[in-house]
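S.K.: sequence first, then the predicted structure, then my questions.
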Amino acid sequence: MSRDLETKRTRVMIVEDHADFRELMKVLFDRQPDIELLAQAGSLAEARAQAARFELDVAILDLGLPDGSGADLIADLRRASHQVRVLVLSASLDPAGIEKARSAGADVILDKLTPVGEVLATVRRLGNT
Amino acid sequence: MSMQPSDFGGTSGRTQEILRQSEERFRLLVEGVKDYAIFMLDPYGYITTWNEGARRIKGYEAEEIVGEHFSIFYTDEDVGRAHPDEELRIATAEGSYEEEGIRVCKDGSTFWANVLITALRDEEGELRGFAKVTRDITARKEAEERERQLSRERAARERTTDILESISDAFYTVDGRWCLTYVNNKAEELWGRPREELLGKDVWEEFPEEEGSESYRQIRRAMEEGVTTEFEALSPVSGMWVAGRAYPSREGLSVYFQDVTERKRAEEALRRVKETERNRLARDLHDGPLQDFSYTAAALGMVMLQAEDTELEERLQAAVDAVRHGAQGLREVVSDLRIDGEEGRPFAEMVRSVVGRNRMMSRNMEISLEVGEEVPSTPLGETGTQVSRIIQEALTNARRHSRAKRISVNLRMEGEDLLAEVLDDGVGLGPDASPGVGLDSMRERAALIGGHLEIESEEGLGTGVRLRVHLPQGTSE
């Protein structure tokens, strides 16, 4: 386990416009030795800038961002790094938005109300595949 | 003393003979008059002579009537008020009495009579009786009555015409073969056609663009079923919104209509404001409270990770559940409020997404959707939005109030009509259904697109919401 940690920590970016939620995720990930929160963004523009600077394993995206849908980001992220996996955390039930995220290539789409333990497990699974 | 000319003293036999002959000729003349009843009464009103005219007019033979009192010719009502005696009193006092009135024949039939009663006095001025001349004026009276009736009808017609010409409704009538028989001022104005061009013509040949429109269908129905119908529709002729009614008449149909374009515009503007407001509300709830709920649930979840296997964990779990429940409720509200920018989406897809959202919100209900082959897959604009909204509201009602296990949503075409149904197997609306369950809103939306909404609900037997809306050709492009 400890050897794995040194060789492979899961590098994560969170794109979320709710600052408190983002902060909470940071606290959560900071406590995980095998996960490293490399970048945070509150909008599509910030997220594009961050994605250009870092090599990422997992991007956690909110769909409803001030400058557009997180789904619009997926193609850009893939272009920046092929291996990046995308976890969408959606607060909305709108099937059209969810369908858009799925067809844009989201790997997993979770309800924002999903227990944090499950979110963590999903990030780990995505980071290891 | 005597009235007999033969009693005059001092006259020669020859003179007497001339007088006698003259008297005889006069008697024959009177007796032979056919068009006038001429007879005499004694001072008390008893009949003493009779002539041919009297026989013809009143029907009595001389033998049976001479000696009778003349009140026999009067109606019970006249006799009741002692009118015959009154006539004699006036004639006695003034020399004669004349009137027009109803008299009774032997067979009980009545006629209009012109009556002249003249008092007869001898040289001493003593009343010896009365001469009565009666003429049957029924034909003249009837002609006068007909004339009065005609002029009353003419006046009524003129008044009606004045009213019809002055009202702000357009009005026209057609006969049973759809030929225009009346067109008022306002109708000329709204149609932009003078009545001279239209009267006597087939209304549908003059306005072929109307065929198939909502007003066309309602007006046809009024004629075919003999019922009053109402319509509110965009007129293909004038391009304005018209609202009106068609009333079956003896002749065919009477149709009133009004230009309601201004009202429609105002309603449309108000509707857009409401729609914008709903969307803003949905967005605000989604971006604000809903995100905060998600955050709070996650934050509590994290604290729970620290509190594993403690008493606190259980309490936190209850709090997390409450927050999730609240968030779920809020999502449903947001979803019900929002059909954002969907007017340009293909119609069937819009309905699928409405049904999809509702499935997510009620996992213990089975919601099926069937879309008939001929239902347009193209966007339906305003109609599409309103139909989706009505389906959404029907589903919201079913979800919240019906306790149904199964809900089915069906869309199909019947000719040019789109039929949309939402049926559930729940408890029904019952007599004390709350008025807030969106029924009015559904009806308003249906009216907005010229559709017809039926809601069938029986306690314990579920609820059916059925919408029928005409899709004129071309609207599906």
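M.R.: Noted; the coordinates are in hand.
S.K.: going by C-alpha atoms from here, please, whenever you check contacts or count neighbours.
M.R.: Fine.
S.K.: in chain A, which residue sits closest to chain B?
M.R.: Proximity of chain A to chain B (Cα to the nearest Cα) peaks at residue A:21, 5.1 Å away.
S.K.: how about the helix or strand containing residue B:292 and chain A, any contact?
M.R.: According to DSSP states H and E, residue B:292 maps onto helix B:291-306. Yes. For helix B:291-306, a contact with chain A is found by Cα under 8 Å from any Cα of the partner chain, at B:291, B:294, B:295, B:297, B:298, B:299, B:301, B:302, B:305.
S.K.: and for stretch B:374-384?
M.R.: No. Using Cα under 8 Å from any Cα, stretch B:374-384 never reaches chain A; the gap is at least 15.9 Å.
S.K.: starting at the chain centroid, how far to that stretch?
M.R.: 36 Å (Cα atoms, centre = their mean, to the nearest Å).
S.K.: what do you get for stretch B:265-284?
M.R.: With Cα atoms, centre = their mean as the basis, stretch B:265-284 stands 36 Å off its chain's centre.
S.K.: what is the neighbour count of residue 29?
M.R.: Defaulting to chain A. 17 (other Cα atoms under 10 Å in any protein chain shown).
S.K.: wrong one, I was asking about chain B
M.R.: Residue B:29, neighbours per other Cα under 10 Å, totals 12.
S.K.: what do you get for residue B:184?
M.R.: Residue B:184, neighbours per other Cα under 10 Å, totals 23.
S.K.: got it, and residue B:261?
M.R.: 16.
S.K.: get me the contact residues on chain A for chain B.
M.R.: Proximity of chain A to chain B, by Cα under 8 Å from any Cα, involves residues A:18, A:20-21, A:24, A:28, A:64, A:91-96, A:112-117.
S.K.: for PyMOL, write the selection for the buried entries among those.
M.R.: Listed next is the PyMOL selection for buried residues among the residues of chain A next to chain B, using 16 or more other Cα atoms under 10 Å in any protein chain shown:
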select buried, chain A and resi 18+21+24+28+64+91+92+93+94+95+96+112+113+114+115+116
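S.K.: flag the shaky bits of the chain, pLDDT-wise.
M.R.: All of this is about chain A. A:1-7, A:93 (pLDDT under 70).
S.K.: actually chain B
M.R.: Counting by pLDDT under 70, chain B shows low-confidence ranges at B:1-11, B:339-343, B:430-437, B:472-477.
S.K.: any idea which helix is longest in it?
M.R.: Longest helix of chain B, by residue count under DSSP state H: helix B:138-166.
S.K.: from the chain's centroid, how far away is that helix?
M.R.: 24 Å.
S.K.: buried stuff in that helix?
M.R.: Those would be B:138, B:164, B:165, for helix B:138-166 by 16+ other Cα under 10 Å.
S.K.: which residues touch the residue nearest the centre of chain A?
M.R.: Nearest to the mean C-alpha position of chain A, counting by Cα atoms, centre = their mean, stands residue A:60 at 1.2 Å. Applying Cα atoms under 8 Å, 6 or more residues apart in numbering or on different chains to residue A:60 gives the contacts A:12, A:13, A:14, A:15, A:86, A:87, A:88, A:89.
S.K.: and it, bridged to which residues?
M.R.: Residue A:60 has the following beta-bridge partners by DSSP bridges: residue A:14, residue A:87.
S.K.: now do the helix holding residue B:292: distance to the chain's middle.
M.R.: In this view, helix B:291-306 has its centroid 66 Å away from the chain centroid, taken as Cα atoms, centre = their mean.
S.K.: name the helices or strands packed onto that helix?
M.R.: Packed against helix B:291-306 by the contact rule (3 or more Cα pairs under 8 Å, 6 or more residues apart in numbering or on different chains; DSSP states H and E) you find helix A:19-30, helix A:116-127, helix B:311-337.
S.K.: residue A:68: which of these is closest?
M.R.: helix A:19-30 (16.9 Å; Cα to Cα).
S.K.: for residue B:91, give its distance to residue B:396.
M.R.: From residue B:91 over to residue B:396 the distance is 94 Å, taken as Cα to Cα, to the nearest Å.
S.K.: go on, residue A:56?
M.R.: Taking Cα to Cα, one finds residue A:56 at 43 Å from residue B:396.
S.K.: okay, those two: which has more neighbours?
M.R.: Per other Cα under 10 Å, whichever of residue A:56 and residue B:396 has more neighbours is residue A:56, with 25 against 19.
S.K.: sorry, back to before: want to try CSV for the contacts of residue A:60, with neighbour count as columns?
M.R.: CSV is the format used below for the contacts of residue A:60 (neighbours: other Cα atoms under 10 Å in any protein chain shown):
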residue, neighbour count
A:12, 25
A:13, 24
A:14, 23
A:15, 27
A:86, 27
A:87, 24
A:88, 26
A:89, 22
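S.K.: and the helices and strands packed on helix B:291-306 as TSV, adding distance to residue B:202?
M.R.: Below are these laid out as TSV (distance: least, Cα to Cα, whole Å):
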stretch	distance to residue B:202
helix A:19-30	72
helix A:116-127	74
helix B:311-337	48
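S.K.: ok so, going back, the longest helix of chain B - contacts with which helices or strands?
M.R.: strand B:110-121, helix B:185-191.
S.K.: try it again at 10 Å.
M.R.: Packing partners of helix B:138-166 (3 or more Cα pairs under 10 Å, 6 or more residues apart in numbering or on different chains; DSSP states H and E): strand B:96-104, strand B:110-121, strand B:170-175, strand B:180-183, helix B:185-191.
S.K.: then the longest one to PDB, C-alphas only?
M.R.: In this case it means strand B:110-121. Presented in PDB, the C-alpha positions along strand B:110-121 are these (Å, rounded to 0.1, in the frame of the first residue of the first chain):
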ATOM      1  CA  THR B 110    -118.600  36.600 -33.800                       C
ATOM      2  CA  PHE B 111    -117.900  39.400 -36.300                       C
ATOM      3  CA  TRP B 112    -116.800  43.000 -36.300                       C
ATOM      4  CA  ALA B 113    -119.800  45.200 -36.700                       C
ATOM      5  CA  ASN B 114    -120.400  48.800 -37.500                       C
ATOM      6  CA  VAL B 115    -123.600  49.600 -35.600                       C
ATOM      7  CA  LEU B 116    -125.800  52.700 -36.000                       C
ATOM      8  CA  ILE B 117    -128.900  53.000 -33.700                       C
ATOM      9  CA  THR B 118    -131.300  55.800 -34.400                       C
ATOM     10  CA  ALA B 119    -134.200  56.800 -32.100                       C
ATOM     11  CA  LEU B 120    -137.500  57.000 -33.800                       C
ATOM     12  CA  ARG B 121    -140.000  59.600 -32.500                       C
END
